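> Sequence and predicted model, in that order:
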There are 2 protein chains.
Amino acid sequence: MKFYEETISTNYIHKGKILNLKIEEVKLPNGKTSKREIVEHRGAVAILAFKDENTILLVSQFRKPLNETILEIPAGKLEIGEEPAICAQRELEEETGYKAENLKFLGKIATTPGFSDEIIYIYKATDLYDGTIGGDEDEFIDVKEITIDKLKEKIKNGEVIDGKTIAALGFL
Amino acid sequence: MKFYEETISTNYIHKGKILNLKIEEVKLPNGKTSKREIVEHRGAVAILAFKDENTILLVSQFRKPLNETILEIPAGKLEIGEEPAICAQRELEEETGYKAENLKFLGKIATTPGFSDEIIYIYKATDLYDGTIGGDEDEFIDVKEITIDKLKEKIKNGEVIDGKTIAALGFL
C-alpha cells in the first residue's frame, strides 16, 4: 500500500541556530486532516574513527537536553552546503585532534523520523594522524579510546546510550 | 573532566501535541554564555517483535518529516505517566495486531542528544498472539515480516535507514 500525506499549509514557529520548528497541516490517506510538528535540522555526520583494528575514539560531552555527560562517537552538524565527507574530516579533527588518511561512507540514519528530518551520515575513518587545529571554542570534549568489544559491553549494560553510536556499529 | 552547563534562563517557544521547544541560556565551563535550542519529547518505545527465532515484524509508514515511507520496527510515544513496558504492549498491538506473551527490556537510546531529550526504550517481544484491538485511526501502517539476516542486508544497502531500528539490533 502507498500512503501519502499532502501538505495543506506550513507555519514556521521558530527559525533558529541549529533547528527550525514548523507545523504542517496535512491531508491523511482517509481524507481527514491532521497537524504534524516537524523539526528541521540540516543533518550531521558521525565517525567511527579507528586508532587500530579494534580500537575506536569516543568523545565524552555534556549534552544539555539530557543534562548529562555521555559517551558518543565523534559527530557534528553539517555546515550549509557542506559535503558530508568534508564535514566528517572537519569534525573528527575539531573533536579529537586527529585527521584520517582514509574515510569510507558506511551509511546514513534517520535519527527521529517521527518528528525530525535529521539525517546522520556515518563514516569509518582509518589511518589517523595528528591534525593541526584545536576544538570549537564552545565545545568541551574529552577524547577516549575504547575497543569495539568494550563498547558493545557498555551498550548492553546501559553505560552508552547514544543512538547514533549504537546504530553506527550496525554498519561494520 | 566534569563539564556542566548551568541554566540561566528558559524560554518556551512552543508547547505542542508531541513536542515542546524551549531555548535555554546556559553558562559554559569557560564562563561564557550560550543558547541551546532544546526539543522536549516525552519518550517512546520500540519493539523487536519475533514471529519466530529469526523473523521479526517491521512496519512500513509514511513519515511526514522525511516525506517518505520507511521501514521501522514497531514503535510509539509514551502516554503521560505510562510505564514503558505497558506502552510497548499497547503499541505492538496497535501497530501490528499482535500481543506478546513475553516482553523483555533490552536497553534505551538517546536518539538526538544534541537537540532533544527523547529516550526510546527498546524491548524484545516473543511468543506473539493475536490481539483484539485495531490501529490508531490517524496511523496508516503496513506490517511486514523479515528475517534478521535480511534486515541486516537492508541496513547495509541503505534500504532501512531508521536509527532506532538499526540501534535496536545492537542489543541482541
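It's in.

> In the helix ranked longest in chain A, which residues are buried?
Under DSSP state H, the helix in chain A containing the largest number of residues is helix A:84-96. Judged by neighbour count (16 or more other CB atoms under 10 Å in any protein chain shown), helix A:84-96 contains these buried residues: A:84, A:87, A:88, A:89, A:90, A:91, A:92, A:93, A:94, A:95, A:96. In short, each C-beta sits where N, CA and C put it, glycine included.

> mind checking how far the spatially closest residue to the first one that is not a sequence neighbour is from residue A:100?
If I follow you right, that is residue A:84. Closest residue in space to residue A:84, ignoring its immediate chain neighbours: residue A:121 at 3.9 Å, by CB to CB, 6 or more residues apart in numbering or on different chains. As judged by CB to CB, to the nearest Å, residue A:121 and residue A:100 stand 15 Å apart.

> residue farthest from the centroid of chain A?
residue A:31 (35.5 Å; CA atoms, centre = their mean).

> How far off centre is stretch A:87-101?
Distance of stretch A:87-101 from its chain centroid, counting by CA atoms, centre = their mean, to the nearest Å, is 14 Å.

> That one close to chain B?
No - judged by CB under 8 Å from any CB of the partner chain, stretch A:87-101 stays clear of chain B, getting no closer than 12.0 Å.

> That stretch - what's its average pLDDT?
Mean per-residue pLDDT for stretch A:87-101: 96.

> Could you give the backbone dihedrals for residue A:5?
Main-chain dihedrals, residue A:5, degrees, to the nearest 10: phi -120, psi 110.

> I meant to write residue A:150 there.
According to degrees, to the nearest 10, residue A:150 has phi -70, psi -40.

> If I look at it, what pLDDT would I see?
pLDDT, the model's per-residue confidence, is 98 for residue A:150.

> Tell me which stretches of chain A form strands.
Secondary structure of chain A (DSSP state E): strands located at A:6-15, A:20-27, A:33-40, A:44-52, A:55-63, A:68-72, A:75-77, A:98-110, A:119-130, A:141-147.
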